[in-house]
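Undergrad: sequence first, then the predicted structure, then my questions.
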Amino acid sequence: MDYQKILNEIDAELKQTPNSGQVASYIPELSTVDPNKFGIHLITTKNQHHGLGDSNERFSIQSIAKALSLTLAFSLEKDQLWHRVGVEPSGTAFNSLVQLEVEKGIPRNPLINAGALVISDVLVSRLSDPKKEFLEFVRSLAGNPAIDYGSKVSASERVTGYRNAALVNLMKAFGNINNDIEEVLDFYFHLCSVEMTCQELAQTFLYLASNGINPLTQKAVISSSKSKRINAILLLCGFYDEAGEFAFKVGLPGKSGVGGGIVAIHPNQFSIATWSPKLNSKGNSFKGMKVLELLTTKTESSIF
Ligand code: GLN
């Protein structure tokens, strides 16, 4: 498969269509990004790299990090985790409070904000220095010790994170948060602020295309059974109330973030990251969704 040719074709096609949407502004620091940035990077499980555009520029990965915190928490907590968070699609916005009251503080899945806050609570309990150890975990997956938190973005989100504060307080009231809520929020805002390039993101997620093995070290990040389960959660829940649309049009497990990044995985074939900051009304990158739809259409292959 000539992926580079296909990526170049996609790029040329999308230059002919308007790039709709809005850059996220509810976290003020995110709105300072150039809305026209655009990058793609694909890495095959045979370590072939294909990229274009701004694929070597770092951006705020935001909710994409939730797949990584889930991986770490699942490997530590094992199936005990599912007593505190579900694996069902939410069908609601990423920051919604609606289901949480009715479902007694148990979030539908680990990829909506409520679920990621429970995962953060698990990691705050399990790790002796959560921010340092999470960053080390991400750096080891990316094979790059320079990856770091974006302190301006995490501070900006801390000031405006009213909904996340509401979610964590509600879950604390239901007994599903064990630690101090400020500590959980601080860890959550930091993990969302991690900055990576498309190339680093594609590298970081290659373990989910490789049955849980980090191809850089040949060591298991997570068991192959858990890797399959994380991919299942990404497919069903990675795009919030647009997960059905993504499965329908793209057909790959993936995860988006409000920084405009998307990661998608084709098990045993490749991982791909895209970056375009303008978001559609569901909070997913408008152009990134189009890239991935064109990719699986042109290659005539998805997990289905
Ligand atoms: N940090 C963001 C928030 O909590 C992450 C949201 C996202 O990327 N969908 O609102």
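TA: Nice, thanks for sending it over.

Undergrad: which residues touch the residue nearest to Asp11 when sequence neighbours are not counted?
TA: Beyond its immediate neighbours in the sequence, the residue positioned closest to Asp11 (C-beta to C-beta, 6 or more residues apart in numbering) is Leu52, lying 5.6 Å away. C-beta here means a position set from N, CA and C on the backbone, and glycine is covered the same way. Going by C-beta atoms under 8 Å, 6 or more residues apart in numbering, Leu52 touches Leu7, Asn8, Asp11, Gly39, Ile40.

Undergrad: repeat that with 7 Å
TA: When the contact criterion is C-beta atoms under 7 Å, 6 or more residues apart in numbering, the partners of Leu52 are Leu7, Asn8, Asp11, Ile40.

Undergrad: which of those lies closest to the ligand?
TA: Distances from the contacts of Leu52 to the ligand were compared by C-beta to the nearest ligand atom; the smallest belongs to Ile40, at 19.0 Å.

Undergrad: wait, the closest one sits on Leu201?
TA: No: with the criterion set as C-beta atoms under 7 Å, Ile40 and Leu201 do not qualify as a contacting pair; they are 10.7 Å apart.

Undergrad: how about the residues of the protein that lie near the ligand?
TA: Within reach of the ligand by C-beta under 6 Å from any ligand atom, the chain has these residues: Gln62, Ser63, Phe94, Asn95, Asn113, Glu157, Asn164, Cys192, Gly257, Val258, Gly283.

Undergrad: quick one: pLDDT of the spatially closest residue to the first one that is not a sequence neighbour?
TA: Closest residue in space to Gln62, ignoring its immediate chain neighbours: Gly257 at 3.2 Å, by C-beta to C-beta, 6+ apart. You'll see Gly257 listed with a pLDDT of 98.

Undergrad: how much space separates Gly257 from Ala165?
TA: Applying C-beta to C-beta, to the nearest Å, the value for Gly257 to Ala165 is 20 Å.

Undergrad: ok, those two, which is more surrounded?
TA: Neighbours were counted for Gly257 and for Ala165 using other C-beta atoms under 10 Å; Gly257 has more, 29 against 15.

Undergrad: ok, the more buried one - contacts?
TA: Contact analysis of Gly257 by C-beta under 7 Å, 6+ apart lists Ile61, Gln62, Ser63, Ile64.

Undergrad: burial count for Val258?
TA: Residue neighbour count, defined by other C-beta under 10 Å, stands at 24 for Val258.
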